[in-house]
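> build the 3D model from these lines:
(one chain, ligands or ions: 1)
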Amino acid sequence: MLTVAVLISGTGSNLRALLDAAADPDYRAEVVVVGADREADGFAHAEEYGIPSFMVPWAQFASREEWGAELSAQLAVWRPDLVVLSGLMRLLPASLVDEWSPRIINTHPAYLPEFPGAHGVRDALAAGVRQSGASVIIVDNGVDSGPILAQERVPVLPGDDQHTLHDRIKPVERRLLIDVVRRIASGELDLQAASASAVAPSTVAEGDVSASPAS
Ligand code: GRF
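A predicted model of the protein is given here:
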């Protein structure tokens, strides 16, 4: 059984989908803990499933590194096989990414490398594209720049706003996430190999990015 830690900031609909999928005994992954950087609505899903959770409140730490060190300490308690960033709206410090990579993945509401960053849906709309998408990637030290594990196109329709477009993207994002975790759990998808075969990772410039690769 692949053990998974899921990190969230918000409603946790991706988390919910993963928990529902994992309830099937044939699904070879189980969520062992849910973490967040704030009081997140998504904790309710963990509670409903009786899964432990922890919070490492961003606001209580002096630096990204100190916050990341505590997050790392919390994850170490559970020693998951895989960390899933699912709507965690914080950039992780490089030390934490390096510790977990390639066993750390992220979902993104755009067709990467198009529209990386915290505003993938808004940016796609602003660009006037006719299609956007959803992606699941391995986290690296760039902003949504890691190796792509799965992605799918989603149409942008006339009259779309951020809400309607995101609502169309999220079910696709959930399906991709469930499938990627299933393939990792079954051994069909080897993260080490996926990471090694990817082109050289890009790097993010020093400086603050208020919201994360986990956008
Ligand atoms: C997802 O689309 C994620 O990619 C984006 O915000 C959404 C999180 O949704 N950053 P949820 O918390 O899983 O409902």
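
> correct me if wrong: Asp37 contacts Gly10.
No: Asp37 sits out of contact with Gly10 when judged by CB atoms under 8 Å, with a separation of 10.3 Å. Every C-beta, even on glycine, is put in place using the N, C-alpha and C of the backbone.

> of those two, which one has the most company?
Using other CB atoms under 10 Å, the more surrounded residue of Asp37 and Gly10 is Asp37, with 22 against 16.

> what residues sit buried inside the longest helix anywhere in the chain?
For the chain, the longest helix by residue count, based on DSSP state H, is helix 162-186. For helix 162-186, a neighbour-count test (16 or more other CB atoms under 10 Å) marks 165-166, 168-170, 172-174, 176-185 as buried.

> what's the first helix or strand after it?
helix 191-196 (DSSP states H and E).

> what helices and strands are in contact with that next one?
If you count contacts as 3 or more CB pairs under 8 Å, 6 or more residues apart in numbering; DSSP states H and E, helix 191-196 packs onto strand 131-138.

> just the CA trace of whichever helix or strand comes after the strand it packs on, in PDB.
Later in the chain than strand 131-138, the nearest helix or strand by DSSP H and E is strand 148-155. C-alpha atoms of strand 148-155 as PDB (Å, rounded to 0.1, in the frame of the first residue of the first chain):
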ATOM      1  CA  ILE A 148       4.700  16.500 -16.200                       C
ATOM      2  CA  LEU A 149       3.100  13.200 -15.200                       C
ATOM      3  CA  ALA A 150      -0.400  13.700 -16.700                       C
ATOM      4  CA  GLN A 151      -2.300  16.500 -18.300                       C
ATOM      5  CA  GLU A 152      -5.500  17.100 -20.300                       C
ATOM      6  CA  ARG A 153      -7.100  19.900 -22.200                       C
ATOM      7  CA  VAL A 154     -10.200  21.700 -21.000                       C
ATOM      8  CA  PRO A 155     -12.100  24.100 -23.300                       C
END
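
> and strand 148-155 with strand 131-138, angle?
Relative orientation of strand 148-155 and strand 131-138, computed by axes from the mean of the first three to the mean of the last three CA atoms, to 10 degrees: 170 degrees.

> so how far is the ligand from Glu66?
Distance, Glu66 to the ligand, using CB to the nearest ligand atom, to the nearest Å: 24 Å.

> residues of the chain that sit close to the ligand?
8, 10-15, 42, 86-87, 107-109, 170, 173, 215 (CB under 6 Å from any ligand atom).

> out of these, which are inside strands?
8, 107-108 (DSSP state E).

> dump these to a markdown table, plus neighbour count and pLDDT.
As requested, those are arranged in a markdown table below (neighbours: other CB atoms under 10 Å; pLDDT from 0 to 100):
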| residue | neighbour count | pLDDT |
| --- | --- | --- |
| Ile8 | 29 | 97 |
| Thr107 | 23 | 96 |
| His108 | 28 | 97 |
